[in-house]
Structure formats: C-alpha cells, structure tokens
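Trainee: coordinates only, sequence not included:
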C-alpha cells in the first residue's frame, strides 16, 4: 500500500484510510474488529473516527465507535503501527447530547480530547480534527454559501486550545474538516502570526458528484501543504450504482436513513448512470472507478473508505493498485462538464 506524507509531519499514511462511522450502528464490535484486522493486513495504517460517531448521531450511541477502536487497540497491540485520527464536534442544536451542546472553546476541546483518549484506550491522538467550523458555512457537502456574521468561538481561541494539547503530548497534530478556502487560509494566517503549528490536513467531501473542492481548496492543499483527506468518495454508496432505477437495497445507508440522501435526485441519478456505464465500458465496477478517481488526485493525501460488509471492504481496498488511464480520466471530465456537481 502506497504511503504518503501527512502535511509537514514525519508521518506516512496509507493512500486509503479506514473510515469508521457505521461502527456501533450498522456494524457490531465484532465486525468492526474484523474490518480493522483486514485493513491492517492489507497495509492500511490510517484510521479515522470522531467523538460523535456512529451516525446518525444520537445520545445512546455517541462514542461507541471510538470504544470499538479502543477495545481493538487494547487486544491487538497495534497502536504504535497506526496513525489514529479523530474529531471534536462543532456547535449545533442537533448535538445537545454532547457536552450539552458542543463548542470549539478551549474548555470544550480539552474535555472532548480527554473523553476520546479514554474511549480509544490510548495516551495520544496522532491527528485531531475540528469536525466542522464554529460558524455557519457550506459544510457537509453543501453547495453555495449564504453569509452569516455569527462565529460562536473565535478561531484564535480554538487554535490556542489545540496548541496547548500538542504541547502536552495529548495530540500530535491537528487538522480541519468541512472547511472552506477562507477558513483554511485564516487558520494558516493565525498560526503564522503566533508561531503556532499549522494544520496538516483538511477532511472534506470529494467524489464524482461533488468536485467543488477543486475550486480554490485544491490550490490551497498544494501550495500550503494541507492535503485533502477525502470523505464520501462513494457519495454514501450512490456511485456504486446500487440505488439506480429506484432500487432500495435493504441494508443500504440511504434506505435505512433518509437524512443521507444528499446525493440522490433526478440530476444525480443521470450522472451516476453515465459514470456507471463508463466504468463498465472500461472493464471496471462503478465503485472501483469512483474510488480510484479520488485516490489519484494530486491534492489528496488519503482517501477515506468505509464499508458495512467485508466484501465491500475488500473491493474498496483492492482499488489501491488501480490507476485510471488518461483516456478514462478525460471521459470522466467530459461527463463532469455536462453534469457538474449535480447534488443540492
């Protein structure tokens, strides 16, 4: 498995990262451990989670995903062989089950880190990420932007809290998530002003149905060495083609949870069908083409894959050795020009 440098750090992370957000909801602890064993055996050394997982977020399951990882770390002895990433939840009325409403203040971040360390059964976190900003913006794949002056916690306070935790050795590096080009550059500016460590990554959605990262943020990733950790590379499984023609696979995430239908709709379905047909013309599954496309972008540090079955996981990991030809990439771009970011 190819390893890539994480930002300006000395850490090498696998080009595929194991995403975990279904563990504790759609996957049992035994299944989660099986996935981690398999991923490690295939050369993946990068796991990503969050304090709010599993999804959909709710009080009775919050933190369960980190607990599953923690129990695996305790029995496997693999901690020193892993780059472990987790996230602190940002503000939101829908998250009152976390600290009575999470904020990105110094106090909240410290509380979140201490709780994650306990659940993960580790003394340190390699990459600690701000899950979403403390201001209304177009996060979680939303296209477009409506301005709002509200900022619940100044970026300077959030960063100072992260720096304190780095100095204490509880986290090694920090990253951003669901952030904009403005937000990323502002964080870099504040860090430079104070001589603080800079963010080493940004975790945003990126897939064939949402390539908005390429506008602005891709250049930031290259020039500022803040690489993308791409999430939703399969658009919640939509790019596999399994939801086409009205299909509702019984264990599919969108079938089970309507809130994850952001990549569905008439325009999206047309694009998915075209991508699926193109993949098959080249002897590929739609899923393999979708994942390989993300992995080989120059601004991507790691592609976060997720699966609810071992068969899905094996297919996803197998794409690590797949490189799409210039001809196929050109054909993908031809579809994209007509069906650019067709999701709401």
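Mentor: Ah, there it is. None of the values given here were measured: they were computed from a predicted structure.

Trainee: and the strands in the stretch 201-344 of the chain?
Mentor: For the stretch 201-344 of the chain, the strands defined by DSSP state E, counting those that start in this stretch cover 201-205, 227-231, 300-305.

Trainee: again, but for the stretch 1-150 of the chain
Mentor: Ranges of strands in the stretch 1-150 of the chain, per DSSP E, counting those that start in this stretch, are 3-5, 12-14, 16-19, 46-48, 83-88, 125-130.

Trainee: now for those strands, which one comes closest to residue 161?
Mentor: Residue 161 sits nearest to strand 83-88 of all the strands of the stretch 1-150 of the chain, at 9.3 Å, using C-beta to C-beta. C-beta: built from backbone N, CA, C; applies to glycine.

Trainee: what residues sit buried inside the helix or strand hosting residue 157?
Mentor: For residue 157, the element it lies in under DSSP states H and E is helix 155-167. Going by neighbour count (16 or more other C-beta atoms under 10 Å), the buried part of helix 155-167 is 155, 157, 158, 159, 161, 162, 163, 165.

Trainee: ok, and the closest non-adjacent residue to the fifth one?
Mentor: In other words, residue 161. Nearest in space to residue 161, with sequence neighbours left out and distances taken as C-beta to C-beta, 6 or more residues apart in numbering, is residue 106 at 3.7 Å.

Trainee: so who does that neighbour touch?
Mentor: Shown in contact with residue 106 (C-beta atoms under 8 Å, 6 or more residues apart in numbering): 157, 158, 160, 161, 164.

Trainee: need the residue closest to the centroid of the chain.
Mentor: A centroid search over the chain (C-alpha atoms, centre = their mean) returns residue 231, at 3.5 Å, as the residue closest to the centre.

Trainee: which residues in the chain form helices?
Mentor: 29-41, 64-76, 106-120, 155-167, 181-194, 217-224, 253-256, 266-281, 286-295, 310-318, 326-338 (DSSP state H).

Trainee: name the stretch among those that sits most buried.
Mentor: Of all the helices of the chain, helix 286-295 carries the top mean neighbour count, a mean of 24, counting by mean count of other C-beta atoms under 10 Å.

Trainee: quick one: mean pLDDT for it?
Mentor: For helix 286-295, mean pLDDT is 98.

Trainee: nearest to residue 119, of the strands of the stretch 1-150 of the chain?
Mentor: Taking those one by one with C-beta to C-beta, strand 83-88 is closest: 9.1 Å.

Trainee: who are the contact partners of residue 224?
Mentor: Residue 224 sits next to 184, 185, 188, 198 when contact means C-beta under 8 Å, 6+ apart.

Trainee: from those, which is closest to residue 206?
Mentor: residue 184 (14.4 Å).

Trainee: who touches the residue lying closest to the closest one once chain neighbours are set aside in this structure?
Mentor: Leaving out its chain neighbours, the residue that sits closest to residue 184 by C-beta to C-beta, 6+ apart is residue 220, at 5.4 Å. With contact taken as C-beta under 8 Å, 6+ apart, residue 220 is in contact with 181, 184, 185, 202, 226.

Trainee: how about residue 63?
Mentor: By C-beta under 8 Å, 6+ apart, the contact set of residue 63 is 51, 53, 115, 119.

Trainee: next: residue 169.
Mentor: Counting by C-beta under 8 Å, 6+ apart, residue 169 has contacts 123, 124.

Trainee: point out where the chain drops to low pLDDT.
Mentor: Counting by pLDDT under 70, the chain has low-confidence residues at 246-261, 344.

Trainee: and if we set it to 90?
Mentor: 93-94, 138-146, 150, 236-237, 241-267, 341-344 (pLDDT under 90).

Trainee: for this protein, identify the residue most remote from the centre.
Mentor: Of all residues in the chain, residue 281 sits farthest from the chain's C-alpha centroid, using C-alpha atoms, centre = their mean; the distance is 29.6 Å.

Trainee: distance check, that residue against residue 292.
Mentor: Using C-beta to C-beta, to the nearest Å, residue 281 is found at 15 Å from residue 292.

Trainee: for the contacts of residue 220, which one is nearest residue 61?
Mentor: Closest to residue 61 out of the contacts of residue 220 is residue 202 (26.8 Å), distances taken as C-beta to C-beta.

Trainee: contacting residues for the residue nearest to the closest one when sequence neighbours are not counted?
Mentor: Distances taken as C-beta to C-beta, 6+ apart place residue 176 nearest to residue 202, at 4.5 Å, with adjacent residues excluded. Applying C-beta under 8 Å, 6+ apart, we find residue 176 in contact with 129, 130, 183, 184, 187, 199, 201, 202, 203, 226.

Trainee: neighbour-wise, which one of those leads?
Mentor: Per-residue neighbour counts (other C-beta atoms under 10 Å) across the contacts of residue 176 peak at residue 202, which has 30 neighbours.

Trainee: pretty sure that one contacts residue 175?
Mentor: Yes: with contacts counted by C-beta atoms under 8 Å, residue 202 reaches residue 175, the gap being 6.3 Å.
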